Structure formats: structure tokens, C-alpha cells
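>>> this is a predicted model, with the sequence first.
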Amino acid sequence: MSRFAVITLTDAAISRVDEIVANADDAKGIRIGVKNGGCAGMEYTVDLVTAPEAGDDAIPAGDNTVFIAPQAVLFLLGTQMDFEVTKLRSGFVFNNPNQTSACGCGESVTLIAASPDALEDA
């Protein structure tokens, strides 16, 4: 099986990760995950990483690293992470092919896990 990235990052997302890590003591990158919550069922999580956890998938992002929590891999497979600034908000945006719906406020989503076979085909 060849090595692949669970997610890809746009230049804007990489720049924002670099800014976040540069302004945080001892940070080695950020960790992306998913958790149950919100009106649509799941929420993306973004946390600072001072030390990688066992099983984290590591994706280079500029001078830093984006870590993917192991339990989130099948929910994030094929996702593009972007960073956008609008008149009303700024934040990471996840263009995820595994997302089937989202709540009206955009804070939670409904995700289906990709088939484990997708890992072998990637």
C-alpha cells in the first residue's frame, strides 16, 4: 500500500496553521478530529498539538504538521481543508466528500465513514 494524505490543505490553510503554531508556545502543529455533537450529529475539532499521539496521521503543512486523530481518518478521507475570511466569520472550512448534510449555522455536520477499502485504493 502506498502512502497517501488523508486530507489536503490549500495554501490559505497552510498559512493559517503556520500563524497559529508560531503564536503558541511549544506547539508542533494542530490535530484535526471529529466528535459527536451539534444538531447535525458531528463536529470537526481543531486543537493545538504539543506532542503527537500514538496513531496520529501526520501531514506536512508548510513548516508545521497537521495531525489527524486515528478515529477521524475514515470520516476525513479525501477532505480538502481551507481557511476563509468573510465579512461575518473566519475559520477553517472542510470540503469533505463524506459529508451528507450540515446544520443551518454550519457548526455541525452529518458524516458517513468512507469504506476501509478506500484506504487500500488510495
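Arrived safely. Numbers count the residues shown, from 1 in each chain.

>>> geometrically speaking, which residue is the centre of the chain?
The chain has residue 32 as the residue nearest its centroid, 4.0 Å off, counting by Cα atoms, centre = their mean.

>>> got the contact list for the helix or strand where it lies?
Mapping residue 32 onto the secondary structure by DSSP states H and E places it in strand 29-36. Under the contact criterion Cβ atoms under 8 Å, 6 or more residues apart in numbering, strand 29-36 has outside partners 7, 17, 20-21, 42-49, 53, 56, 58, 61, 64-69, 71-72, 75-76, 81, 111. The way it works is simple: take the backbone N, C-alpha and C, and place the C-beta from them, glycine included.

>>> over to stretch 89-99?
Residues outside stretch 89-99 that contact it (Cβ under 8 Å, 6+ apart) are 13, 16, 44, 46, 74-84, 109-114.

>>> buried subset of those residues, written for PyMOL?
The following PyMOL selection, which keeps only the buried ones among those, applies the criterion 16 or more other Cβ atoms under 10 Å:
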select buried, resi 13+16+44+74+75+76+77+78+79+81+82+83+109+111+114
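
>>> now the residue nearest to the centre of the chain: how far from residue 66?
As for residue 32, its distance to residue 66 is 6 Å (criterion: Cβ to Cβ, to the nearest Å).

>>> cool, residue 100 as well?
24 Å.

>>> cool, residue 60 as well?
Taken as Cβ to Cβ, the span from residue 60 to residue 66 is 8 Å.

>>> could you do residue 6 as well?
Between residue 6 and residue 66 the computed distance is 9 Å (Cβ to Cβ).
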